[in-house]
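Undergrad: Give me a model of this one.
(one chain, ligands or ions: 2)
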Amino acid sequence: MKIESANFITSALDLEACPPSGMPEYAFVGRSNVGKSSLINMLTDTKELAKTSGTPGKTKLINLFRINNAWTLVDLPGYGYAKLSKKHQADFNVHVSGYLTGRENLKHIFLLVDSQLEPLDGDLAFAEWLQGCKLPYSIIFTKTDRSSDTTVKNHAGKFLEQCKVWRLHPTNAFSCSAKTKQGRGQILQWIDDQLPKKKKDKKSPTINVGWMKKR
Ligand SMILES: Nc1nc2c(ncn2[C@@H]2O[C@H](COP(=O)(O)OP(=O)(O)OP(=O)(O)O)[C@@H](O)[C@H]2O)c(=O)[nH]1
Ligand SMILES: [Mg+2]
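TA: Ligands and ions are numbered 1, 2, ... in the order given. The predicted structure follows:
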């Protein structure tokens, strides 16, 4: 999919503040600092559409972006960073879970998992919660440029093994690097495949004027 336009729509505190939309929506969720905002910039080929930071907890609101005037991409606050205040984590739970369970046009959730780390129970528990809510989700292993291919494969393999143990069935699994753009093509292609197909322009009917010549 070619990104022709990527525009910020709004930052919303909660579901009620998200403008109603009939466009298919795709949300990115995961632990604080896992690389959600960086991945959104990488996918849209922009530098600062989504705000990133080395300090966990940068994204505090539900940020909506309109892509190609056809679908919406959503950057969500992160979860589970121990150093964040209890209040921040509680707000995350209420607002993000309210958005995920209540947004009618939400088509798919990408759960980002750091490929540098061994599987974390927090990520598996989040996937379990999504599945319990019957929300369709896929896994994206992030920051693949930071480790060797062997380490990335090892961590991704272990995580997917744990998914089986936890009886989790993500729709798909991808890997990506916001730095090298690895995975960009696959993720965008997969989203494109899910989008409703535009109807081809009907050709104007050709008028057969042969009968006129005979007269
Ligand atoms: N090397 C490398 N660094 C990355 C990658 N993705 C993100 N980072 C870095 O990781 C840090 C966190 O990235 P963000 O995109 O802000 O993470 P986030 O998940 O949006 O974080 P919160 O908004 O705090 O939940 C930043 O310093 C990024 O530059 C990647 O693919 N490769
Ligand atoms: Mg962020």
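
Undergrad: what are the ranges of the strands in this structure?
TA: 6-12, 25-30, 62-67, 71-75, 106-114, 137-142, 173-175 (DSSP state E).

Undergrad: could you give the angle of the second one to strand 71-75?
TA: Strand 25-30 and strand 71-75 meet at an angle of 20 degrees, taking axes from the mean of the first three to the mean of the last three CA atoms, to 10 degrees as the criterion.

Undergrad: So which elements touch strand 25-30?
TA: Here strand 25-30 touches helix 36-44, strand 71-75, helix 86-102, strand 106-114, helix 121-132, going by 3 or more CB pairs under 8 Å, 6 or more residues apart in numbering; DSSP states H and E. For glycine as for every other residue, the C-beta is placed from the backbone atoms N, C-alpha and C.

Undergrad: For ligand 1, find the nearest of the ones you listed.
TA: helix 36-44 (3.3 Å; CB to the nearest ligand atom).

Undergrad: How far off centre is the closest one?
TA: Helix 36-44 has its average C-alpha position 9 Å from the chain's average C-alpha position, going by CA atoms, centre = their mean, to the nearest Å.

Undergrad: So what touches it?
TA: Residues outside helix 36-44 that contact it (CB atoms under 8 Å, 6 or more residues apart in numbering) are 3, 6, 28-30, 47-52, 58-59, 65, 67, 73, 75-76, 78, 112, 140, 142, 176-178, 181, 184, 187-188.

Undergrad: Now the buried members of those residues.
TA: Neighbour counting with 16 or more other CB atoms under 10 Å marks 6, 28-30, 49-50, 52, 58-59, 65, 67, 73, 75-76, 78, 112, 140, 142, 176-178, 184, 187-188 as buried within the contacts of helix 36-44.
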